[in-house]
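Asker: predicted model follows, preceded by the sequence.
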Amino acid sequence: MTKTKISTRIERLPQIGSFRPQNPFFMAPLAGVTDAPTRLIYSEMGAGLVYSEMVSAKGMHYGDKKSAQLLDILYTDDSQKSNFGDVAFQIFGSDPDIMAEVAEMLDTKENVLIDVNMGCPVPKVFKNGDGSALLKQPMLCEKIISAMKSKTSKPVTAKIRTGVDEGSINCVEVALALEEGGADAICVHGRTREAYYSGAADYKRIAEVKEAVSIPVIGNGDVFSVENCKRMFEETGVDFVMIARGALGNPWIFRELNAWWNGDDVPARPGRDEIKNMMVYHTKLLVDYKGERIATNEMKKHLAWYTKGLAGSNEFRRRINNISSSSDMIELISEF
């Protein structure tokens, strides 16, 4: 496809506040996964927007260094700076004043927008009244967004679920409250808090939100392939699609989605050598960023995702779990 046609496609995408993505495929915020090196890989593979891990607003408020580190944008060298792409910072909390304070803190950072987590189902987060617990209080959701918008010039968005459980589906009500508060876009994960990640995502509920609001909607849930993505667009009418578990160990999904979107032939799935090269690259990035010990431990889960379904993967994972250095890890990858 010519550059003119691609440019036209980009121009047809709605803006999220002042931000216009280069394509409609976003990498979801995933705790323990979307650190700076991993976001770099997704950006290089074509994600139109990559999200940070969710960061505690209270942690930022009290100057917690670990919270601030989650918002690093990694450039290991100048060549990667242009590849990094656009980054969204996601924060969580339920105090409008603290959320507004953090929004102001992030106003001068490199992120293109600020997202509020209103969908995390984890008990610790839920019990504190954060994440998906906010779905029980649409008016508080509105106040949080309104307070944040008053303190930042950047777009503010929110990620929600369909409800707390099947007996309290209220995603449309929450979405309308968020829009009233000034949200620039809403992402809807088509599951309840109670469902966590089980069962099928409810695309009907996502479509209802899209029909109810006038701001852009991002659909999330059960997108593991180009065909899944087509179905999301067709059944919900969303403006953008967010990929989460479908990208674990599979950053190539963004390459495939972009080829389809641009009208090109969808490339074949990566071969074993390409997967191994990515595993080595990811390992080195993580070591450079987090140091030998932490990176070696954290990389083990990524390697399990990269090798899922490949011949010899069970034995490979068994051996990797006993590794304590990145050099030994890279050697095992080369032997795989």
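Answerer: Now that the structure is in, tell me what you want to look at. Residues are numbered from 1 along each chain as shown.
Asker: so, low pLDDT: which residues of this protein?
Answerer: Applying pLDDT under 70 to the chain picks out residues 1-11, 73-84.
Asker: tell me where the longest helix sits in it.
Answerer: Counting by DSSP state H, the longest helix found in the chain is helix 272-290.
Asker: give me the buried positions along that one.
Answerer: Using 16 or more other CB atoms under 10 Å as the test for burial, helix 272-290 gives 275-276, 278-279, 282-287, 289-290. Where you see a C-beta, it was placed from the backbone N, CA and C, and this is true even at glycine.
Asker: for stretch 317-327, same thing?
Answerer: 320, 323, 326.
Asker: apart from its neighbours in sequence, what residue is nearest the second one?
Answerer: Spelled out, it's I323. Excluding the flanking residues, the one nearest I323 by CB to CB, 6 or more residues apart in numbering is M329, at 5.0 Å.
Asker: what's the separation between the one you found and G32?
Answerer: Separation of M329 from G32 (CB to CB, to the nearest Å) stands at 18 Å.
Asker: more neighbours, those two?
Answerer: M329 (22 against 9; other CB atoms under 10 Å).
Asker: quick check: which element contains V116?
Answerer: strand 113-118 (DSSP states H and E).
Asker: give me the contact list for stretch 63-75.
Answerer: Applying CB atoms under 8 Å, 6 or more residues apart in numbering, the contact partners of stretch 63-75 are 35-37, 39-40, 52-53, 55-56, 59-60, 80-81, 84, 87, 89, 106, 109-111, 285, 289.
Asker: just to revisit the earlier point, partners of the strand holding V116 in the sheet?
Answerer: strand 87-92 (parallel), strand 156-161 (parallel) (DSSP bridges).
Asker: can I get the first one in CSV, CA atoms only?
Answerer: In CSV, the C-alpha atoms belonging to strand 87-92 read as follows (Å, rounded to 0.1, in the frame of the first residue of the first chain):
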residue,chain,number,x,y,z
VAL,A,87,3.4,5.6,25.5
ALA,A,88,0.4,5.9,27.9
PHE,A,89,0.9,5.9,31.6
GLN,A,90,-1.7,4.1,33.6
ILE,A,91,-2.3,5.0,37.3
PHE,A,92,-4.8,3.6,39.8
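Asker: any idea of the angle the next helix or strand after it forms with strand 156-161?
Answerer: Next helix or strand after strand 87-92 toward the C-terminus (DSSP H and E): helix 96-105. Put simply, helix 96-105 runs at 130 degrees to strand 156-161, going by axes from the mean of the first three to the mean of the last three CA atoms, to 10 degrees.
Asker: please, where are all the strands along this protein?
Answerer: With DSSP state E as the criterion, the chain has strands at 25-27, 49-51, 55-56, 87-92, 113-118, 156-161, 185-189, 217-220, 240-243.
Asker: could I get those in JSON lines, plus columns for distance to M232 and mean neighbour count?
Answerer: Shown next, in JSON lines, are these (distance: least, CB to CB, whole Å; neighbours: other CB atoms under 10 Å):
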{"stretch": "strand 25-27", "distance to M232": "11", "mean neighbour count": "27"}
{"stretch": "strand 49-51", "distance to M232": "16", "mean neighbour count": "26"}
{"stretch": "strand 55-56", "distance to M232": "27", "mean neighbour count": "23"}
{"stretch": "strand 87-92", "distance to M232": "19", "mean neighbour count": "26"}
{"stretch": "strand 113-118", "distance to M232": "19", "mean neighbour count": "26"}
{"stretch": "strand 156-161", "distance to M232": "16", "mean neighbour count": "27"}
{"stretch": "strand 185-189", "distance to M232": "11", "mean neighbour count": "29"}
{"stretch": "strand 217-220", "distance to M232": "5", "mean neighbour count": "25"}
{"stretch": "strand 240-243", "distance to M232": "5", "mean neighbour count": "25"}
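Asker: I appreciate the help and will end here.
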